[in-house]
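Enquirer: Pasting the sequence and the predicted coordinates here, then a few questions.
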Amino acid sequence: MGAPPSDRRGVIDEPTRRLDEGALRALVPRVLAGLVRRGEDFDAAEDALQEALLEALRVWPEHPPREPRAWLQTVATRRLVDARRSEVARLRREEATYDAEPRPAATEEGDDTLFLLFCCCHPDLAPASQVALTLRAVGGLTTREIADAFYVPEATMAQRISRAKRALAGPPARRLDQPGDLAVVLRVLYLVYTAGHIGPPTRLDLAAEAIRLARQLTLATEEPEARGLLALMLLNHARLPARLDSDGRIVTLDRQDRGLWDTREIAEGVRVLQSALAVQRPGRYQIEAAIAALHDDAASAEETDWPQILAWYDDLVALTDDPVGQDPAAVLGRAVAVGHVLGAAAGLRETDRLGEVLGERHRWHAVRGHLHELGGDLPAAAAAYADAARRAANIAERDHLVRQAARARAAEPSTSSRLAERPH
Amino acid sequence: MPKYLLLKHYRGGPEPHRPVPPMDQWAPEDVEAHIAFQNHVSELLEESGEYVDAQALTPARSWVRYGGPDAAPVTTDGPHPETSDLVAGWWMIDVESHERAVELAAYVSSEPGPRGEPMYEWIAVREVMWERPRATDAA
């Protein structure tokens, strides 16, 4: 885990004059929290800071500031002043006090992040608004970058953000400390993570952005689920380089070149997960991270510890009273593990009870195709893969499932008898 | 956030709920009201942060296929243009859910027709595919 960025760390790399955008973004939540804490309206302060950020991106490469954070704060404040000329006098007085303010300690930086995350992930906002606002106010991204990452016009994203802020207007953003609110924050960060990598590569890697935000969050709270989420993202992200081949085709986990996995990310993920599990307050992110860690830990697909993965899935489905209705994805994931531990037929029986809930999802059909193949029933596997392909919502997956179906259909009967042997 | 196309058709689709004559036979004020509603839908989507794109297509359509080696492309307008679907245009939206896409499609379908009454036009709702799986999708 990197040290929290400080003003002293250069935002401009002197020899190359290149702007370190990561360092610049890291300043945004701190400056914004400072403005809001001193009584500025969240909406107006966030707008003013966005303008200051755009100005910084334009000006800093040529004229690097001596104190980046103070620069941002001053320019944002000036924008606020411009927006409310009638209150110039009051703001000038306040400005003078801020310049004299001491730099905050590390704990205060963590508080800033948490404070802003609770504002941006307010339960009254729609998920898309929570995501957009979090990326701007905490992530320090420009509207343009966020719009590109979600493949929508910039005007649409700008509108989404300003609507979200209008919904938050009124009494000063209240401080939300209940565990329920942290759960919303975690869900929003996970949404940012999952939104990554769905389209043509953009300059902004949303998955990496989510990891950065989760890392900030773990500095601000002791809650083990926050660390569980960070671990889950890291352990999953570590495998992304192996997930697609050079032609963009999906490579399934059992065929991935494990040498491409990011061992540093895996090591960090395992370390973060262990520190979370040590608190002995397990939750869904910690459990999912544990499952990801077991996959990451296997030197080859054959060495995957399926019995232990199944044990974690048992814990995962036990988190709700009605797993089929409330967490069908966990039940489906467990069915795969059941198939590998107890045999394909047992796995398929597990999927049967999900038919009503997930029957229209491609994943349900794809899992059944996998289990039929595991059990050696290639015609049934081919049919299930074809059903999955028809329901896939992305092109790479659709193409992958069509290939799986064609491959299963073309396979010789002798192949099917070999596959009929159970792995355990 | 899934993206959807809300497709309007010149013809095709299920049996019309309320058959209406072609627009050139409407009263001028009905035509104006109809066009104003289309613009209103785009503004509404922009205001809600759900707008991605809107386009209209001319009704003229040519079918084209490869003619074979060293041959010109083969084109036709038929064979049964009067019975086939003909897309007139679309809105592309970026929304929370399929339910929201259906809600917006139903609103589009309430557009005013002759005498200002809703057209009950069938709108085709189609999900746009992503290029690649999400970062969390298990391979």
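Expert: In hand now; what should we look at? The model shown is predicted, which means the values in this text are computed figures rather than measured ones.

Enquirer: Now do the contacts for the residue nearest to residue A:323 when sequence neighbours are not counted.
Expert: Closest residue to residue A:323 apart from its sequence neighbours, by Cβ to Cβ, 6 or more residues apart in numbering or on different chains: residue A:317 at 4.1 Å. Where C-beta positions appear, they are placed from N, C-alpha and C, glycine not excepted. Residue A:317 makes contacts with A:323, A:327, A:330, A:331, A:334, as judged by Cβ atoms under 8 Å, 6 or more residues apart in numbering or on different chains.

Enquirer: Residue B:89 reaches residue B:59, doesn't it?
Expert: No. Contact criterion Cβ atoms under 8 Å: residue B:89 and residue B:59 do not qualify, at 10.5 Å.

Enquirer: what about the chain, any weak spots by pLDDT?
Expert: Picked chain A for this. Across chain A, the ranges flagged by pLDDT under 70 are A:1-10, A:12-17, A:85-110, A:170-180, A:199-203, A:412-424.

Enquirer: um, chain B though
Expert: B:78-83, B:136-139.

Enquirer: Enumerate the residues of it near chain A.
Expert: Applying Cβ under 8 Å from any Cβ of the partner chain, we find that chain B lies next to chain A at B:1-3, B:46-53, B:94, B:96, B:127, B:129-139.

Enquirer: residue boundaries of the helices in the stretch 251-400 of chain A?
Expert: A:263-277, A:284-297, A:306-317, A:323-326, A:328-342, A:344-352, A:355-358, A:362-374, A:378-391, A:395-410 (DSSP state H, counting those that start in this stretch).

Enquirer: can I get these in a markdown table with distance to residue B:114?
Expert: Compiled in a markdown table, the helices of the stretch 251-400 of chain A are given as follows (distance: least, Cβ to Cβ, whole Å):
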| stretch | distance to residue B:114 |
| --- | --- |
| helix A:263-277 | 63 |
| helix A:284-297 | 55 |
| helix A:306-317 | 57 |
| helix A:323-326 | 47 |
| helix A:328-342 | 47 |
| helix A:344-352 | 52 |
| helix A:355-358 | 44 |
| helix A:362-374 | 43 |
| helix A:378-391 | 40 |
| helix A:395-410 | 42 |
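
Enquirer: does the residue of chain A found nearest chain B sit in a helix or strand, and which one?
Expert: Of all residues in chain A, residue A:160 sits closest to chain B, at 3.1 Å by Cβ to the nearest Cβ. Element membership for residue A:160 (DSSP states H and E) is helix A:154-168.

Enquirer: tell me the contacts of residue 51?
Expert: Unless you meant another one, I'm taking chain A. So, once contact is read as Cβ under 8 Å, 6+ apart, residue A:51 ends up touching A:75, A:76, A:79.

Enquirer: was after chain B, sorry
Expert: Here residue B:51 is in contact with A:152, A:153, A:155, A:156, B:42, B:45, B:91, B:93, B:94 (Cβ under 8 Å, 6+ apart).

Enquirer: Sort out which of these are buried, if you could.
Expert: Among those, those buried by neighbour count (16 or more other Cβ atoms under 10 Å in any protein chain shown) are A:152, A:156, B:45, B:91, B:93, B:94.

Enquirer: Can you classify the first one by secondary structure?
Expert: Reducing the assignment to helix, strand or coil with DSSP: H, G, I helix; E, B strand; the rest coil, the entry for residue A:152 is coil.

Enquirer: Ramachandran coordinates for the closest residue to it other than its chain neighbours?
Expert: Nearest in space to residue A:152, with sequence neighbours left out and distances taken as Cβ to Cβ, 6+ apart, is residue B:94 at 4.9 Å. Backbone torsions for residue B:94, taken as degrees, to the nearest 10, come to phi -120, psi 110.

Enquirer: Isn't residue B:94 up against residue B:46?
Expert: No. With contact defined as Cβ under 8 Å, residue B:94 does not count as touching residue B:46 (11.6 Å).

Enquirer: ok so, going back, of residue B:89 and residue B:59, who's got more company?
Expert: residue B:89 (16 against 10; other Cβ atoms under 10 Å in any protein chain shown).

Enquirer: Is stretch A:218-230 in proximity to chain B?
Expert: No. Judged by Cβ under 8 Å from any Cβ, stretch A:218-230 stays clear of chain B, getting no closer than 11.7 Å.

Enquirer: buried residues in that stretch?
Expert: Quick answer for stretch A:218-230 (16+ other Cβ under 10 Å): A:218, A:219, A:220, A:221, A:223, A:224, A:225, A:226, A:227, A:228, A:229, A:230.

Enquirer: how about the nearest residue to the residue in chain B positioned nearest to chain A, chain neighbours excluded?
Expert: In chain B, the residue that lies nearest chain A is residue B:49 (3.1 Å; Cβ to the nearest Cβ). With sequence-adjacent residues excluded and distances taken as Cβ to Cβ, 6+ apart, residue B:49 is closest to residue A:160, at 3.1 Å.

Enquirer: Could you verify my assumption that that neighbour touches residue B:52?
Expert: No. Counting by Cβ under 8 Å, residue A:160 sits too far from residue B:52 to count as a contact (11.9 Å).

Enquirer: neighbour-wise, which of the two wins?
Expert: Neighbours of residue A:160 and residue B:52, each counted by other Cβ under 10 Å, are more numerous for residue A:160; the result is 26 against 19.

Enquirer: distance of the more buried one from residue A:129?
Expert: According to Cβ to Cβ, to the nearest Å, residue A:160 stands 6 Å off from residue A:129.

Enquirer: what touches both of those two?
Expert: Shared contacts of residue A:160 and residue A:129, defined by Cβ under 8 Å, 6+ apart, are found at residue B:49.
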